[in-house]
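>>> Sequence plus the predicted model coming up.
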Amino acid sequence: MELQVAREWIVAASRIVGFTGAGISTESGIPDFRSPDGVWARNRIVDFQEFLASEEGRIEYWRQKLANWPAMRAARPNAGHYAFAELHEQGKLLALVTQNIEGLHQRSGLPSEMVYELHGTTTEAVCLSCGDRITSDEACRRVESGEKAPRCRLCGGLLKPATISFGQSMPIDVMEMARAAAENCDLLIAVGSSLVVEPAASIPRLAKRAGARLVIVNRERTPLDGMADLIVRGEIGTVLPAMVGPATRAG
Ligand code: NAD
């Protein structure tokens, strides 16, 4: 019943915003944050202040990066990511706002300019002084060959994975683009997010306040369930393709 309603709303919509969290990538083998074997259970958190202040903190941060990068790098998009690529093919997707950092939406075929990464990307490292970027492959090679906390080859500044750490400011321009998309969409589909991380979770609220329909796809309850127009429970890789299948392509 819910799937049928969701399909009808997708057919009727013309400016859809996808909003995704770690749950869309669990079926690609990347653990989410809050499950028992999730990221928090396995790693000590080095926040942004510690990264800036302490060489020991930076070494620990890069140690964790080196340990996690091969699995992130090897992960492939799953049916949930491809469902959003299908919505793009149908000409219905305005933007894809994601809290995820692994780049799987882009690898599923979405143009990178449509993907607003609120928490940055783990596929690159950035110099905190001059902003120069290198690939994570290159950064990890340098850590492996002895630079335990690598520095920028251009200016000597601190190199950090280009993700947003606890205590680090969100990218203002990306957040602004996400807000604008939320205010202009007619349907926002929030997928695989516990919707507790702020300010990211303000994006679905904003869309709803601006008059869009809000559909939440998640296996667990979220704090925004009460304001959603529709909640679809189930495994994302199964229910999302059923919602956006090719039969919904606009004629
Ligand atoms: P979260 O871990 O808080 O919530 C994920 C939600 O998805 C949970 O409610 C869970 O029940 C649900 N879920 C997981 N797999 C599912 C499936 N197959 N089908 C249906 N539901 C499923 O994630 P969040 O809201 O994105 O917040 C966590 C933070 O962690 C974000 O800031 C994000 O940047 C970061 N993070 C990102 C990744 C990634 O890039 N893949 C991975 C871990 C954490």
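That came in fine, so what should we check first? Keep in mind that this is a model prediction, so the values were computed, not measured.
>>> wait, what's in contact with the residue minimising distance to the centre of the chain?
With distances taken as Cα atoms, centre = their mean, the chain has Asn100 as the residue nearest its mean C-alpha position (2.1 Å). The neighbours of Asn100, taking Cβ atoms under 8 Å, 6 or more residues apart in numbering as the test, are Thr20, Gly21, Ala22, Ile24, Ser25, Glu117, His119. The way it works is simple: take the backbone N, C-alpha and C, and place the C-beta from them, glycine included.
>>> What count of nearby residues applies to the second one?
Right, the one you point to is Gly21. Per other Cβ atoms under 10 Å, the neighbour tally for Gly21 reads 25.
>>> gap between it and Lys160?
When Cβ to Cβ, to the nearest Å is the yardstick, Gly21 and Lys160 sit 22 Å from each other.
>>> What average pLDDT does the lengthiest strand in the chain get?
Across the chain, the longest stretch assigned as strand under DSSP state E is strand 120-127. Here strand 120-127 scores 97 as its mean pLDDT.
>>> List the buried residues for whichever helix or strand comes after it?
From strand 120-127 onward toward the C-terminus, using DSSP states H and E, the following helix or strand is strand 133-135. Residues of strand 133-135 classed as buried under the neighbour-count rule (16 or more other Cβ atoms under 10 Å) are Ile134.
>>> ok, now stretch 141-152?
Arg142, Val143, Ala149, Pro150, Cys152.
>>> Show me the chain divided up by domain.
1-29+76-119+170-251, 31-74+120-163 (automatic domain parsing).
>>> how would you label the residue nearest to the centre of the chain: helix, strand or coil?
The three-state label for Asn100, taken from DSSP: H, G, I helix; E, B strand; the rest coil, comes out as coil.
>>> Most neighbours of all the contacts of Asn100, which one?
Ile24 (31 neighbours).
>>> which non-adjacent residue is nearest it?
The shortest distance from Ile24 to any residue other than its chain neighbours is 3.9 Å, reached at Gly192 (Cβ to Cβ, 6 or more residues apart in numbering).
>>> correct me, but that neighbour touches Glu220?
No - between Gly192 and Glu220 no contact is recorded; they are 10.0 Å apart, counting by Cβ atoms under 8 Å.
>>> So those two - more neighbours on which side?
In this comparison of Gly192 against Glu220, neighbours counted by other Cβ under 10 Å, the higher total goes to Gly192 at 25 against 10.
>>> For the more buried one, grab phi and psi.
Recorded main-chain torsions at Gly192 are phi 70, psi 40, according to degrees, to the nearest 10.
>>> repeat for Val215
In this entry, Val215 is assigned phi and psi values of phi -110, psi 130 (degrees, to the nearest 10).
>>> State the distance from it to the ligand.
In this structure, Val215 lies at 13 Å from the ligand, with Cβ to the nearest ligand atom, to the nearest Å as the measure.
>>> Can you get me a residue count around that residue?
By other Cβ under 10 Å, 24 other residues sit near Val215.
>>> For it, give me its contacts.
If a contact means Cβ under 8 Å, 6+ apart, then Val215 has Ala6, Trp9, Leu187, Leu188, Ile189, Ala190, Ala228, Asp229, Leu230, Ile231, Val232 as its contacts.
>>> overlap between those residues and the residues near the ligand?
Checking the contacts of Val215 against the ligand by Cβ under 6 Å from any ligand atom, not one of them is in range.
>>> mind listing which of those are in helices?
When helices are assigned by DSSP state H, the members of those inside them are Ala6, Trp9.
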